[in-house]
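K.L.:
this one's sequence-less:
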């Protein structure tokens, strides 16, 4: 093997061992609206690896809509089916709404026993009595997933409050200004600080009807930013993940954050 | 040396300023003649929503020439105009709104001024015409032009929503 081949091989391994979990998303019926007296939207909620075909229902209990004034609000009604949940929401005033279906932060312990990979909902202090004594490859992760999208009624606003908890996506390009053939920039923060090397995958709608999913794979730079140019108008799912070891934590070996952002690239 | 350069720059700037103020023919806006056409369509027909506007060489909108529309609900479908202009200022949109028109030919005249009625500076611009029709399609036409005291005329090729469109820049 030449040095180049070794590097190429190592890179391939690095990429293929990325552990992106099952995709989840919120898919609003509209991303940009015009109205004088407010407007209704509906939002699909599902866990599915096929962008954007629904697969497994996720409950809508955790859905919060952050209004343009920064206050969390709830959907007016919801329905849970076998493949998806759907919620109804009325946008009252102009501005940008952030739709979230974030998970609850949780501890999960993975281990191996008799060659099988298993998992437990427990932190390191809770393992005694739960973890089989023959278990190997034990790893406890503290994790939190943000599942989000932005919808804008009339004039956009910067509804981008940062919580400083695990992985967060801060739009640099406003979601209502994303358009085909023009550069888009997003910034990633981990525990409130710009984070480089966040692994990002971006996939356009319609995977079922393409042999190649044509997923774009990126990593954030020193400033925590990624930049890309949507080649066609349509809906996109961005999946981002970052994890780091937490050797000083009595509760977990590592912490991991993920972001699932649904956005629309408009016709130019 | 530096001070000399700054001095020269100041002289140059005041000369440019003097010329702009003292020579009104230089700042009189050109006339823009637009013969807009909306194509005759077969079957179910809703008059299209139409916006026409001018962007400068950086793609910044400087002037909306016309907006033909009905309900606010469909304004967002005039995609580029809504993204760049409409969504930002409801009062401005109300101020320029007029009713939709049926298929036909519409001769229109404008001055080459910005939204604040100031003459557009010499330079490169693009005329945009965006036409969207319920149960129809969307057409977006782009015509680059230059404001430099020279007369120029353009013929915009037909689209599925428009017939041939004439556009002329006539310095006064």
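P.N.:
Everything's here; your move. Given the structure is predicted, the values throughout are model-derived calculations rather than measurements.
K.L.:
Residue A:97 versus the residue of chain A found nearest chain B, what's the distance?
P.N.:
Residue nearest to chain B within chain A: residue A:34 (3.9 Å; CB to the nearest CB). The way it works is simple: take the backbone N, C-alpha and C, and place the C-beta from them, glycine included. Distance, residue A:34 to residue A:97, by CB to CB, to the nearest Å: 14 Å.
K.L.:
interface residues of chain B facing chain A?
P.N.:
B:72-76, B:79-80, B:82-83, B:86-90, B:138, B:140 (CB under 8 Å from any CB of the partner chain).
K.L.:
Kindly recompute the last result at 7 Å.
P.N.:
Residues of chain B found near chain A (CB under 7 Å from any CB of the partner chain) are B:72, B:73, B:75, B:76, B:79, B:80, B:82, B:83, B:87, B:88, B:90.
K.L.:
which residues does the residue of chain A closest to chain B contact?
P.N.:
Contacts for residue A:34 (CB atoms under 7 Å, 6 or more residues apart in numbering or on different chains) come out as A:154, B:72, B:73, B:75, B:76, B:82, B:87.
K.L.:
what helix or strand does residue 143 sit in?
P.N.:
Using chain A here. According to DSSP states H and E, residue A:143 maps onto strand A:136-153.
K.L.:
wrong one, I was asking about chain B
P.N.:
Per DSSP H and E: residue B:143 is located in strand B:138-147.
K.L.:
for that strand, packing partners?
P.N.:
strand B:123-132, strand B:152-156, strand B:165-170 (3 or more CB pairs under 7 Å, 6 or more residues apart in numbering or on different chains; DSSP states H and E).
K.L.:
low pLDDT regions in chain B?
P.N.:
Scanning chain B with the threshold set as pLDDT under 70 gives B:1-27.
K.L.:
Contacts only, for residue A:266.
P.N.:
Counting by CB under 7 Å, 6+ apart, residue A:266 has contacts A:178, A:179, A:233, B:79, B:83.
K.L.:
and of these, the nearest to residue B:161?
P.N.:
Nearest to residue B:161 among the contacts of residue A:266 is residue B:79, at 13.5 Å by CB to CB.
K.L.:
Could I get the contacting residues of the residue nearest to that closest one when sequence neighbours are not counted?
P.N.:
The shortest distance from residue B:79 to any non-neighbouring residue, by CB to CB, 6 or more residues apart in numbering or on different chains, is to residue A:267 (4.8 Å). By CB under 7 Å, 6+ apart, residue A:267 lies in contact with A:180, A:233, B:79.
K.L.:
ok, now with 10 Å
P.N.:
Residue A:267 makes contacts with A:179-181, A:232-234, B:77, B:79-80, B:83, B:130, B:138, B:140, as judged by CB atoms under 10 Å, 6 or more residues apart in numbering or on different chains.
K.L.:
so where do the helices sit in the chain?
P.N.:
Because you didn't say which chain, this covers chain A. Along chain A, counting by DSSP state H, helices occupy A:3-16.
K.L.:
Chain B is the one I meant
P.N.:
Taking DSSP H as the test, the helices found in chain B are B:2-22, B:24-27, B:79-84, B:90-96.
K.L.:
What residues does chain A have near chain B?
P.N.:
Chain A has residues A:30-37, A:39, A:94, A:152-156, A:176-179, A:182, A:233, A:266-268 near chain B, with proximity defined as CB under 10 Å from any CB of the partner chain.
K.L.:
if you set the cut-off to 8 Å instead, what comes out?
P.N.:
A:32-36, A:39, A:94, A:152, A:154-156, A:176-177, A:179, A:266-268.
K.L.:
who touches the residue nearest to residue A:251 when sequence neighbours are not counted in this structure?
P.N.:
Closest residue to residue A:251 apart from its sequence neighbours, by CB to CB, 6+ apart: residue A:123 at 4.2 Å. Taking CB atoms under 8 Å, 6 or more residues apart in numbering or on different chains, we find residue A:123 in contact with A:107, A:109, A:140, A:142, A:251, A:252.
K.L.:
And for the fifth one, the neighbour number?
P.N.:
Applying other CB atoms under 10 Å in any protein chain shown, we find 14 other residues in the vicinity of residue A:251.
K.L.:
Now for it: which residues touch it?
P.N.:
Counted by CB under 8 Å, 6+ apart, residue A:251 has contacts A:107, A:123, A:124, A:125, A:140, A:142.
K.L.:
Hmm, residue A:96 and residue A:175 touching each other?
P.N.:
Yes - counting by CB atoms under 8 Å, residue A:96 is a contact partner of residue A:175 at 7.2 Å.
K.L.:
Pull up the overlap in contacts between those two.
P.N.:
With CB under 8 Å, 6+ apart, residue A:175 and residue A:96 have common neighbours A:150, A:152, A:156.
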